[in-house]
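**Student:** test case, fold it:
(chains A, B and C)
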Amino acid sequence: MMSPTNLYAGYMRLSTAEVSDSLNSFGYCGALKGIRSHQWGLKFFGPAFTVTRTTNDDPNYCDASEFLDQVPAGYVIVIDNLGITDSTCWGGILTACAKNKQIQGTVINGVYRDAETVRALNYPVFSKGVFMVTGKGRTRLKGLNIPVNIEGVTIHPSDLIFGDANGVVVIPFEKAEEVLTRAEHIQDVEKQIERLVVFEGLTLREAREIMKYNQLTNISGSHS
Amino acid sequence: MMSPTNLYAGYMRLSTAEVSDSLNSFGYCGALKGIRSHQWGLKFFGPAFTVTRTTNDDPNYCDASEFLDQVPAGYVIVIDNLGITDSTCWGGILTACAKNKQIQGTVINGVYRDAETVRALNYPVFSKGVFMVTGKGRTRLKGLNIPVNIEGVTIHPSDLIFGDANGVVVIPFEKAEEVLTRAEHIQDVEKQIERLVVFEGLTLREAREIMKYNQLTNISGSHS
Amino acid sequence: MMSPTNLYAGYMRLSTAEVSDSLNSFGYCGALKGIRSHQWGLKFFGPAFTVTRTTNDDPNYCDASEFLDQVPAGYVIVIDNLGITDSTCWGGILTACAKNKQIQGTVINGVYRDAETVRALNYPVFSKGVFMVTGKGRTRLKGLNIPVNIEGVTIHPSDLIFGDANGVVVIPFEKAEEVLTRAEHIQDVEKQIERLVVFEGLTLREAREIMKYNQLTNISGSHS
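**Tutor:** From the prediction side, this is the model:
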């Protein structure tokens, strides 16, 4: 088994597109629809610490996201806030604390606030958007580190979460190495194709034939 | 009563998140859903000059937004264009004129055009998006400085409009000082919590208990 | 007939807003709803090379966008991917190849991937958004250089496609010179109005009366 450090280094040399193609060839999808970065240049990778929230039925309940104290360094926080876009579940203080704890990023099925602070800290928050109304009194914590379902994708605690400017993909923990190896192969082939076209003057069709590009999408046959 | 200059200075030191929390504790919301800035770094504050528009039933009517001549310096223009996203009601000339008149910003329940010009002038236009088709012949002026309702929030002329990267909140004119004072308190408490966690090494739970954070959301009791 | 070089130079001095107003005065619209740039500063112009895609009914079919080899320099690729937002039809290799071939830009009724690569290359891809899941096995090529319909606008091969930060407009090939001439007139009048207000201190109403602004929207009478 590859060390977490090598796994991290391996994924961070890739893009979500290459990893998605690799997942795809194993029969997975794992792409979170409608969740994206609101600034350029952010990329993150780590195991999921999952947080589920629900609508609040108790006006005296105050849930202040203190789960943050339990998240280990290196993890990615995945919050299912039910896709709600008119109240938030993440903001500036949480971002400052998360960055301080070396948490890798936060993925929200919902929205966050303090967008300028988050931007200034360069901490990855991927979400459905930005708003400023507090979630207090509106939603509340339901559970920690239980499987969550976001847009049809089930995320188990410790599944690997990878995000870049294209969006977020979820990699099943037990598949992490296989998916990485295949994604690295895909990256190599695509770099070669690009080089053949841009620097060697081949047509795209010629370059793809030489690199057996079409077999990439059907690569799982060689592993089964 | 605080001077307009001090009120302006006070709000501009805050964020819409802090002001929203303050409004919330008084039982208001005032947040305009779906309306946001399309660039980073913009913030504005001022009393509302309201503009209502309606669909055009007269093909010979030409409405050229000449209301701009009547807007006083320091105001924020709030245009209800019915949420329409396929024709515009604001553009480059209006932006250049508004900036020249020291108008603080424009909030649109709809879309604007000349996005690069607006960006270059660094003038705050907060809207539902950008498009290029003129509103002429499609929508027309209905009224000036009458209450408008945007996404369920009623905005009266001279209500205070505050916007930043999180979006736009509306503060009832008569509540402006109370909301400011409470928002400043919220900002102070949150800065202390962040300092205790990031620089003093407390957990988020400890820091919040010390700063009596949970009472912040229920603060209105002490004022009523 | 104006040379393609002069036509290109003429349009690139304008914005889509001015061209849209010109089209509007001839009774055209041609604006593509919901399709936009995801970065600032991009502008493109050229004749359309149209690509239509359809849902894939053959799991063994692999469509690798090799149509790119056929697109002439100076053209704009217009892909109708049915408005699908959960799988892509354009990415980094295609962008590198297209830029290398001096293709002017790509307009997608759908989404693309490799957003950071596309941004780094500064090549205009205008779309409904960004995602990372491949279109292979999900959609396939249906036809090249046949008319496509995007959001109610029909685009014929060689129609002229013009995009900037406001979005994309389609100019019928046979109208290109007339639309350009009128758009240039609109630009001149608007620059004069802005100058009269900002530098000469006139009201917007006065400036518009002097420049006979209201006749701009009704200008087609003088050409028919």
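**Student:** could you list every helix and strand in contact with the longest helix belonging to chain A?
**Tutor:** Taking DSSP state H as the criterion, chain A has its longest helix at helix A:176-198. With contacts taken as 3 or more C-beta pairs under 8 Å, 6 or more residues apart in numbering or on different chains; DSSP states H and E, helix A:176-198 sits against helix A:4-12, helix A:16-25, helix A:204-210, helix C:92-100. Where C-beta positions appear, they are placed from N, C-alpha and C, glycine not excepted.
**Student:** cutoff 6 Å now
**Tutor:** Under the contact criterion of 3 or more C-beta pairs under 6 Å, 6 or more residues apart in numbering or on different chains; DSSP states H and E, helix A:176-198 touches helix A:16-25, helix A:204-210, helix C:92-100.
**Student:** next one: that helix to chain centre, how far?
**Tutor:** 20 Å (C-alpha atoms, centre = their mean, to the nearest Å).
**Student:** sorry, back to before: which of the helices and strands packed on helix A:176-198 sits most buried?
**Tutor:** Of these, the one with the most neighbours on average (mean count of other C-beta atoms under 10 Å in any protein chain shown) is helix A:16-25, at a mean of 26.
**Student:** now the angle from that one to helix C:92-100?
**Tutor:** Here the directions of helix A:16-25 and helix C:92-100 differ by 130 degrees (axes from the mean of the first three to the mean of the last three C-alpha atoms, to 10 degrees).
**Student:** quick one: contacts of helix A:16-25?
**Tutor:** A:30-31, A:162, A:164, A:166, A:169, A:179, A:182-183, A:186-187, A:219-220, C:113-114, C:132-134 (C-beta atoms under 6 Å, 6 or more residues apart in numbering or on different chains).
**Student:** flag every residue of chain A that's near chain C.
**Tutor:** With the criterion set to C-beta under 6 Å from any C-beta of the partner chain, chain A comes near chain C through A:16-17, A:20-21, A:31, A:33, A:165-167, A:190, A:193-194, A:197-198, A:203-205, A:208, A:214, A:217.
**Student:** how about a cut-off of 8 Å?
**Tutor:** Contact residues, chain A versus chain C (C-beta under 8 Å from any C-beta of the partner chain): A:15-17, A:19-21, A:24, A:29, A:31, A:33, A:36, A:40-41, A:164-167, A:169, A:190, A:193-194, A:197-198, A:203-205, A:208, A:213-214, A:217-218.
**Student:** out of those residues, which end up buried?
**Tutor:** A:15-17, A:19-21, A:24, A:29, A:31, A:33, A:36, A:164-167, A:169, A:190, A:193-194, A:197-198, A:204-205, A:208, A:213, A:217 (16 or more other C-beta atoms under 10 Å in any protein chain shown).
**Student:** and residue A:130, what's its pLDDT?
**Tutor:** Looking at residue A:130, its pLDDT is 98.
**Student:** excluding residues flanking it in the chain, which one is nearest it?
**Tutor:** In this structure, residue A:130 finds its nearest non-sequential neighbour in residue A:115, 4.7 Å apart by C-beta to C-beta, 6 or more residues apart in numbering or on different chains.
**Student:** please state the offset of stretch A:20-34 from the chain centre?
**Tutor:** From the chain centre to the centre of stretch A:20-34 is a distance of 12 Å (C-alpha atoms, centre = their mean).
**Student:** what's the end-to-end length of that stretch?
**Tutor:** Distance across stretch A:20-34, first residue to last, is 16 Å (C-alpha to C-alpha, to the nearest Å).
**Student:** same deal with stretch A:50-63?
**Tutor:** Start to finish, the residues bounding stretch A:50-63 are 16 Å apart (C-alpha to C-alpha).
**Student:** what are the buried residues along that stretch?
**Tutor:** For stretch A:50-63, burial by neighbour count (16+ other C-beta under 10 Å) applies to A:50, A:51, A:52, A:53, A:56, A:62, A:63.
**Student:** those: which two are farthest apart?
**Tutor:** Using C-beta to C-beta, the buried residues of stretch A:50-63 span at most 21.6 Å, a distance reached by A:50 and A:62.
**Student:** re earlier: so which of the contacts of helix A:16-25 are in helices?
**Tutor:** A:179, A:182, A:183, A:186, A:187.
**Student:** ok so, going back, between the buried residues of stretch A:50-63, which is closest to residue C:95?
**Tutor:** Distance to residue C:95 across the buried residues of stretch A:50-63 (C-beta to C-beta) is lowest for residue A:50, with 35.1 Å.
**Student:** looking at it, that closest one is touching residue A:75, isn't it?
**Tutor:** No: counting by C-beta atoms under 8 Å, residue A:75 is not a contact partner of residue A:50; they are 9.9 Å apart.
**Student:** next one, pLDDT for the closest residue to residue A:180 other than its chain neighbours please.
**Tutor:** Once flanking residues are discounted, residue A:180 sits nearest to residue A:10: 4.8 Å by C-beta to C-beta, 6+ apart. Residue A:10 carries a pLDDT value of 98.
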